[in-house]
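Novice: my questions are about this predicted structure, shown below with the sequence.
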Amino acid sequence: MSTISTHLRNFKEPTKEQLTQLFFALPPSVNGVSSASGSGHNNTGNSEKSAVGAAEAELEKMEINAVLSLGVQGEEDSYAGKLYLYPPYLAFASLDRKSVRFTLPLCTIRRVERLNARAGIYALSLSLWHGMKIVVQLTSLRPTADLFCSLLRDALKVELQKGKMKAVKPFVKTCYSELLVANATAPGNTEEKDGGGGGGGSSKSAAATDDGGPSSPAADSMYLGGLGLKFKFPGDPKKLREASKTKLWTNYLRTHGRNLTLLRYPQCTRLIQVGLPNRLRGEMWETLSGSLYLRFENPGFYEKILAENEGRTNTSTEEIEKDLHRSLPEYSAYQSEEGISALRRVLQAYSFKNPETGYCQAMNILAAAILIYMSEEQAFWLLEVVCDRLLPGYYSPSMHGTLLDQRVFESLVQRCLPIIHDHFQEVDVQLSVASLPWFLSLFINSMPMVFAFRIIDCFFCMGPKVLFQVGWQIGFVGVQRMIVPRLILFTAILKINGEKLLQIQDDGQFIHLMREYFASLGDSAHPNSSDPRARAITRFQELLLVSFREFAVITDETIQSERRKYRSEIVHSIESFSKRAAIRNLRTFERFTKDQVGLIYDALFKAICIEPPPAVSLPPPSLLTTKDQAEERPETRIGLRTFRVFLSEICTWARTEKIVSNGFQQRIDREVAEHELIDRLFYFWDTSYRGALSFQDLVSGLDGVMFNDLMENIEWFFNLHDKNKDGYLTKDEVLTLSESLLFIFRHEIGDAYLGAVSRFMSNAFEYGDALLPRPEGADPDSEPPTIEHNQPYMNLATFRMVVLADEILESFFETDFSSTFRLEPVPIQDIPNTNTGLLGGLWHNIASDDNRKIFNRFTDEIGKTIGKHQVYTRPAIGKYTALEEPKARESLLTPTMRRTASKSSLTSPSETPANDPSLPTTSTSSSSGSTLSADKSEPTVSSATSAEFSPMPSMFHAAANAAALMERTPFAIDDAKDDDDESDIETDVEDDGVMDEVDAFLEAHDSGLTEAERELAQGTSSSTAVWSSLSAHGCERIDLINAEPVK
């Protein structure tokens, strides 16, 4: 079993629009997922939904310059930036793309008003669901602003028709922030002490007034929470200062919106760096990452996918079961069945939704961590966003994203920390030994959970660059004084870690040093300081401070640039590993060596790159397996189109190679051939009848033809054309076999192979007709019985004899046929250039395949004009380099078989040699012999009868004429005379003395034998001696002639 993927080569840099969607955490505009949750409506509802969907598809996207102001006077400053309309979302980002941004679903906008401002000011007031007001001043020209308002109005109408505005109210009840703000604003509210756990998953929250806006606590509200509500959250609430954090966040959420309407001002980023309250952490994670919008757009999808795949088992579910009890086993929830079951359902649901990814290592650690703070549905959508958008390729079978970022991390270390890098190179310490788990588990497995979750808070807020900043600082905080001599406050920790990093000698010491550092993150960074505020600073706080200040140079642009630089290197490394894995997973190499199997893999990989196989549509899970039976492991299989490309890389006759010379260049144009023989070979190798071939099928199929001798090749070719595998070829299959030979020989020089096929056809039908069974008691000299063209006609023995009767075909099947399959090194495919710069994009457009074809056609036309255009087609075999005429055919029939029909399946009476005007007159005048007269008397069948079964009737017509021309010419001297009047005893003839002359010659020329030797030769002396000996022993002479058989 092997999986061959080429999607890494097809990577394309995201477009500007895609980058914008990623920046604002907008869900992908895919209707398939959204429509999955609403399949229970009637036809009227479906028609209305399709109409709304069509209207939504026609909505345009637009961006415009704007200035954002909060509706509360003096609460926040105004920020200039850009306003983006991406239906069904409205987004804003400040000019620096860091200070302020928001992403608002259009269904949360309750009212849009244009403000009456002074001339030249175009401002809109937006009233949001949670009662806030934001003012957006459009700073573009008046027509542009009018167009933006028109598009915004159309998008809001579509949202109203979809009924999304009604879905906001029940959705926000699942968010803890509603309860937090409602309790803080309710009369007589007492400050909530948010401890480390306790409580269930439900609580009273704000209700909506009659007009739909939230105003007072409600009794029917239940917010979603994670396992921490029951099994308590990690850490001490007092040390984590949960109450203070909750109060700060309550004030911010009251004025800046929450969940669907959160406005992210600079204060939001600072609060996140300080740390999120435990109960609010899950909601903020899904809001910052954008998974909140996926959950809002797809209600009930998580429960539906679990119900549809209940009881289903496959490779992913098996791997999940192995890792369930390895997921944060120190946390109490995962020591119980409740926590294990929740983790199992989330991981299985993700694997069912993303079968190509399935389940990968470290995914269980991530899912177990987020389940502490989130419900199963929330964790499912957050896992989707992390694996697919935030960390693409991290949790995939090849882990290409992790390996790429690991290479980028090493490059940054080499560039900015050369002393440590050189020391590690000298002692052969691999950075990936310690840093790879940091990237895979987001530091969850590397440091205490309370600190890991703080890093994850920053990760969702600021993106993947946090991993590089923190990772860089974690590994090398001890040597900053060697590069940036500042921050005396960090002297103690720099001294300790700096000396230890330069003293390590192997990977084990490096890992041990990192573990010690992580274990001490909660300790004071300056325990001996006289300043109590300095003693209160922990090593983790120091770590974050240095990371975000000293390593702010690591930006998203820096990471993207380094990723482009090393992407090709990582892709080639992964492809090399995949190749070794695919070869290792083969059941058998057959008779190939490991290197030869590698060449087959290279040809297959190139074919998949050129012609990717279609995605296999699997049957429904209920039909695929049962509860007790697991699905097959995924395996890459190629279809017929990909197989043609693959065979053209292996086999010479499966491609057409034209050597073109036009005076300017000489090139080889290769075209993939298409013929029934290739299609027949595809299904011949498909022994499992799946309509697709695996890597193992190709290896076994090539083994069956590349190592054959003469007889094995003849039998293989016969079986290839024996469609129903009954051991016989029909007349149609004989014609098809002849077409296959003509296809293989189509580019050979001369007519030698054409003559060989012609002789083969003549002999095949001649001998086949002669061997047809006749009715009992019928005259042997009578014409053969007529059979249908789809009836058994020729067996393997007859086919073998017909092939061996021709020298050229015998040589072809002995050596030439197997030699057309050649395993040659395939050049490494270049990875498409992903450079999006001006020069890179310009060169990519110039050097495209279409432009190269245009240039080749242009130079060819010039070459034809000046008379230097030449095209030479390279032969598949190339055995004959000069023109050779076909050899004459000799009949395979014995004299006793010649009275039967010989060419009835090929020629008509008008095509016999006697009626051919091109034959010499001597041959016609001497045709009174028995052979030719027998040919004249035989009944014939029209050539159209056999031609109708052939796609190339003209070729077979020419072959039939050639067969008639190559008949052996009868001579008069060879004619036998009648001897009926001659008697056995010629008494009337005088002795002419011939025997006397012979006797005289023998006497004159002695044979050289002695007398004893003559007696021995005549048997007289030896027989006498033998019987004398037998008589002496009492034996009698036996008369063997008259002896009776033994009874």
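Specialist: Perfect, I can see it now.

Novice: all helices for the stretch 1-150 of the chain, in order.
Specialist: Per DSSP state H, counting those that start in this stretch, the stretch 1-150 of the chain carries helices over the ranges 16-23, 31-35, 43-57, 142-162.

Novice: lowest mean pLDDT across these, which one is that?
Specialist: Ranked by mean pLDDT, these bottom out at helix 31-35, with a mean of 39.

Novice: which stretches of the stretch 651-800 of the chain aren't confidently modelled?
Specialist: Applying pLDDT under 70 to the stretch 651-800 of the chain flags the ranges 774-785.

Novice: what about 90?
Specialist: Along the stretch 651-800 of the chain, segments meeting pLDDT under 90 span 657-670, 688-690, 723-726, 731, 748-752, 762-794.

Novice: check contacts around W381.
Specialist: Contact analysis of W381 by C-beta atoms under 8 Å, 6 or more residues apart in numbering lists E286, S291, L292, L294, R295, N298, Y302. Placement of C-beta: from N, CA and C, glycine included.

Novice: what about it, which helix or strand?
Specialist: According to DSSP states H and E, W381 maps onto helix 376-385.

Novice: which is the next helix or strand following that helix?
Specialist: Later in the chain than helix 376-385, the nearest helix or strand by DSSP H and E is helix 400-416.

Novice: assess the claim that N309 and Q348 are in contact.
Specialist: Yes: under the criterion of C-beta atoms under 8 Å, N309 makes contact with Q348 at 7.3 Å.

Novice: so between those two, which is more surrounded?
Specialist: Q348 (23 against 19; other C-beta atoms under 10 Å).

Novice: in the strand or helix carrying the more buried one, what counts as buried?
Specialist: Assigned by DSSP H and E, Q348 falls within helix 337-353. Neighbour counts over helix 337-353 (16 or more other C-beta atoms under 10 Å) mark 339-340, 342-353 as buried.

Novice: now do stretch 400-417
Specialist: 400-410, 412-413, 416-417.

Novice: circling back to that earlier point, now tell me what touches the helix holding Q348 from outside.
Specialist: Applying C-beta under 8 Å, 6+ apart, the contact partners of helix 337-353 are 227, 230-231, 302, 305-306, 308-309, 312, 314, 316-317, 320-321, 324-325, 327, 331, 333-334, 357-359, 363-364, 367-368, 371, 376, 379-380, 383-384, 387.

Novice: among these, which are in helices?
Specialist: Counting by DSSP state H, the part of those found in helices is 230-231, 302, 305-306, 308, 316-317, 320-321, 363-364, 367-368, 371, 376, 379-380, 383-384.

Novice: selecting buried members of those in ChimeraX, what would you type?
Specialist: Of the ones in helices among the contacts of helix 337-353, the buried ones can be selected in ChimeraX as follows, counting by 16+ other C-beta under 10 Å:
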select :230,231,302,305,306,316,317,320,363,364,367,368,371,376,379,380,383,384
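
Novice: farthest pair within the buried residues of helix 337-353?
Specialist: Pairwise distances across the buried residues of helix 337-353 (C-beta to C-beta) peak at 21.8 Å, for the pair G339 and K353.

Novice: overlap of the contact sets of N309 and Q348?
Specialist: With C-beta under 8 Å, 6+ apart, N309 and Q348 have no common neighbours.

Novice: which of the three states applies to G282?
Specialist: The three-state label given to G282 by DSSP: H, G, I helix; E, B strand; the rest coil is helix.

Novice: what's near enough to touch it?
Specialist: Residues near G282 by C-beta under 8 Å, 6+ apart: Y176, L224, G225, G226, I370, Y373, M374, S375, Q378.

Novice: pLDDT of the helix holding Q348, averaged?
Specialist: Computed over helix 337-353, the average pLDDT equals 96.

Novice: so it versus helix 301-308, what angle?
Specialist: Put simply, helix 337-353 runs at 90 degrees to helix 301-308, going by axes from the mean of the first three to the mean of the last three C-alpha atoms, to 10 degrees.

Novice: how about helix 337-353 as PDB, C-alpha atoms only?
Specialist: C-alpha atoms of helix 337-353 as PDB (Å, rounded to 0.1, in the frame of the first residue of the first chain):
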ATOM      1  CA  GLU A 337     -14.300   7.900  30.200                       C
ATOM      2  CA  GLU A 338     -16.100  11.200  29.800                       C
ATOM      3  CA  GLY A 339     -13.000  13.000  28.700                       C
ATOM      4  CA  ILE A 340     -11.700  10.200  26.500                       C
ATOM      5  CA  SER A 341     -15.100   9.800  24.800                       C
ATOM      6  CA  ALA A 342     -15.200  13.600  24.000                       C
ATOM      7  CA  LEU A 343     -11.700  13.500  22.600                       C
ATOM      8  CA  ARG A 344     -12.500  10.500  20.500                       C
ATOM      9  CA  ARG A 345     -15.600  12.100  19.000                       C
ATOM     10  CA  VAL A 346     -13.900  15.300  18.100                       C
ATOM     11  CA  LEU A 347     -10.900  13.600  16.400                       C
ATOM     12  CA  GLN A 348     -13.100  11.100  14.600                       C
ATOM     13  CA  ALA A 349     -15.400  13.900  13.300                       C
ATOM     14  CA  TYR A 350     -12.500  15.800  11.900                       C
ATOM     15  CA  SER A 351     -11.100  12.700  10.200                       C
ATOM     16  CA  PHE A 352     -14.500  12.000   8.600                       C
ATOM     17  CA  LYS A 353     -14.800  15.500   7.400                       C
END
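
Novice: tell me the angle that helix makes with helix 376-385.
Specialist: Relative orientation of helix 337-353 and helix 376-385, computed by the same axes, to 10 degrees: 40 degrees.
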